[in-house]
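**Q** output the structure for:
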Amino acid sequence: MKKVVLAISFFFFAFTSKAQYEIKSIEGYSPNIGILITMLDDLKSRVSSSVKGLNQEQTDFLLDKNANRIGAMIYHLAATEKYYQVYTFEGRQFNAEEQKTWGLALGLGDNARNSKLLKGKPIKHYLDIWDEVRADTKKMLKTKDDAWLNTKASRMNYHWAWYHVMEHQANHMGQIRMIQKRAGN
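**A** This is a model prediction of the structure:
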């Protein structure tokens, strides 16, 4: 009986959940870039939904003296994506002005942990920044084709660079959920 209840629960969840459970291209993009966007958006959606209801204390919570705040990590994800925009679309690293805007969040660590710039703001502030960065990513990717993904830059091609952005988001998603669990959220 227990197995039947579990099976019914699984199928109910699987068919009523908002998750799409398939990777497919998006209209308006080349096939592989559309798939890339599907995966980027899926990860972003999962990270965002896990933090969107956090209050200020939860957003700024530090697990220990070496940890990073959840808000700062969301800003870090936006900064990482912004860096890879510059790297893959413009073939360069951050300039001085961009470094001023994004460098603290990109690096995290002691400087970010002790900065008033990365605490005291609602989680929506950080999610809005990430939304703006993602909108720019999608706008720029719309101008590229699948061959562009194979462009080699240094030791990696652009496809691997954007895979790394996803990998980075997945790693921080796990870190954020662990912090939430340890904090009792």
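**Q** strands of this protein, start to end?
**A** Along the chain, counting by DSSP state E, strands occupy 152-153, 156-157.
**Q** if you compare those, which one is most tucked away?
**A** strand 156-157 (a mean of 16; mean count of other CB atoms under 10 Å). From N, CA and C alone the C-beta is placed, and that goes for glycine too.
**Q** rounded mean pLDDT for that one, please.
**A** Averaged across strand 156-157, pLDDT comes to 88.
**Q** just checking: what are the partner strands of that strand?
**A** Paired strands of strand 156-157, with direction, are strand 152-153 (antiparallel) (DSSP bridges).
**Q** columns distance to Ile70 on top of the strands of the chain, output as TSV?
**A** Converted to TSV, the strands of the chain look like this (distance: least, CB to CB, whole Å):
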stretch	distance to Ile70
strand 152-153	31
strand 156-157	29
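**Q** and the residue found closest to Leu104 once you drop the neighbours it is linked to in the chain, how far is that from Lys138?
**A** Spatial nearest neighbour of Leu104, chain neighbours left out: Ala112 (5.3 Å); criterion: CB to CB, 6 or more residues apart in numbering. Separation of Ala112 from Lys138 (CB to CB, to the nearest Å) stands at 27 Å.
**Q** who has more neighbours, these two?
**A** With neighbours defined as other CB atoms under 10 Å, Ala112 and Lys138 compare such that Ala112 has more, 21 against 16.
**Q** isn't the more buried one right next to Trp102, touching?
**A** No. Distance between Ala112 and Trp102: 11.4 Å, which falls outside the contact criterion (CB atoms under 8 Å).
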